[in-house]
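Asker: task: produce atomic coordinates for the following.
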Amino acid sequence: MKLSYPQRNLLRRLLIGGTAVFVSIAAYSSYQAVRNLTLESLKKNALLEVQQGANSIDNWLLNLKVHVQTLANLPVVRSMNWEAAAPYLETEVLRFADVSGIAIAGRDGWRNVTGGKRAYVGDRSFFKKAMAGQTNVSDPLISRVAGLPSIVVGTPIRQEFSIAVAPVGELHTVVKLNRITQVVNQLKYGDNSYAFALNSKGEAIVHPQTLLSTPEQTT
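Answerer: Okay, here's the model as predicted:
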């Protein structure tokens, strides 16, 4: 069947229009596919960075626990003689940049600390846990020693190498939060994103918006 010129012209326009619509749909579909793949890749990278950051903090905390356990097993520390132990503990503070103070507390809850005054910590959870035989890490607080946001890593002191023996005291290090802050500040998911860290109660302890951070207690 022979088409007239107006019919051929209309058919040509329909074909061109249909092709343009098809190309537009295909281009949009390709854009959406690429966008979704990019977003998925960003999500995976963000999750990987968060996991690596968490692993870095976990390893750091593990090393801090090993450090206090090692100190608590030294004969000079197990003697509970502060005058004898203090010089060595002061060198440990100088050796570890993250540590601002090291303390030894007796069963009565009174502690001596490098660079600070004698004070009572018997009501603190880190002391109670250590006297119950647990090596533990406290939630962030303001250190009386350095006056800075810190965590406390506590461990029991025993005069015998047996967990069946009741602790005679407690040793703890006062650790600055700089390391956690550095790790958290490096985590981002796009230009307008940020990361933050929570304590054991789900409260923000490191947050770019200061008003959203939880005020630390004093120790």
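
Asker: partners of whatever helix or strand S100 lives in, with directions?
Answerer: Using DSSP states H and E, the element containing S100 is strand 99-106. According to DSSP bridges, strand 99-106 forms sheet pairs with strand 110-113 (antiparallel), strand 169-176 (antiparallel).

Asker: and that strand, average pLDDT?
Answerer: For strand 99-106, mean pLDDT rounds to 96.

Asker: in that strand, what counts as buried?
Answerer: The neighbour-count check on strand 99-106 (16 or more other CB atoms under 10 Å) flags 99-105 as buried. (Each C-beta comes from the backbone N, C-alpha and C, glycine too.)

Asker: what of stretch 57-70?
Answerer: Applying a neighbour-count criterion of 16+ other CB under 10 Å, one finds 61, 64-65, 67-68 buried in stretch 57-70.

Asker: tabulate the residues you listed (JSON lines), appending secondary structure and distance to A84.
Answerer: Output for those, formatted as JSON lines (DSSP: H, G, I helix; E, B strand; the rest coil; distance: CB to CB, whole Å):
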{"residue": "L61", "secondary structure": "helix", "distance to A84": "29"}
{"residue": "L64", "secondary structure": "helix", "distance to A84": "24"}
{"residue": "K65", "secondary structure": "helix", "distance to A84": "24"}
{"residue": "H67", "secondary structure": "helix", "distance to A84": "20"}
{"residue": "V68", "secondary structure": "helix", "distance to A84": "18"}
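
Asker: run through this structure and note the low-pLDDT ranges.
Answerer: Along the chain, the model assigns pLDDT under 70 to residues 1-53, 143-147, 183-219.

Asker: swap in 50 and give it another go.
Answerer: 3, 11, 14, 21-23, 193-200, 203-216, 219 (pLDDT under 50).

Asker: what ranges do the strands span in it?
Answerer: For the chain, the strands defined by DSSP state E cover 99-106, 110-113, 119-120, 136-137, 141-142, 149-157, 169-176, 197-198, 204-206, 217-218.

Asker: if we can go back for a sec, kindly reformat the buried residues of stretch 57-70 as CSV containing distance to E83.
Answerer: Formatted as CSV, these follow (distance: CB to CB, whole Å):
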residue, distance to E83
L61, 31
L64, 26
K65, 27
H67, 22
V68, 20
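
Asker: closest one to P140 out of those, please.
Answerer: When those are ranked by distance to P140 (CB to CB), L61 comes first, at 12.6 Å.

Asker: nearest spatial neighbour of that closest one, chain-adjacent residues omitted?
Answerer: V137 (5.8 Å; CB to CB, 6 or more residues apart in numbering).
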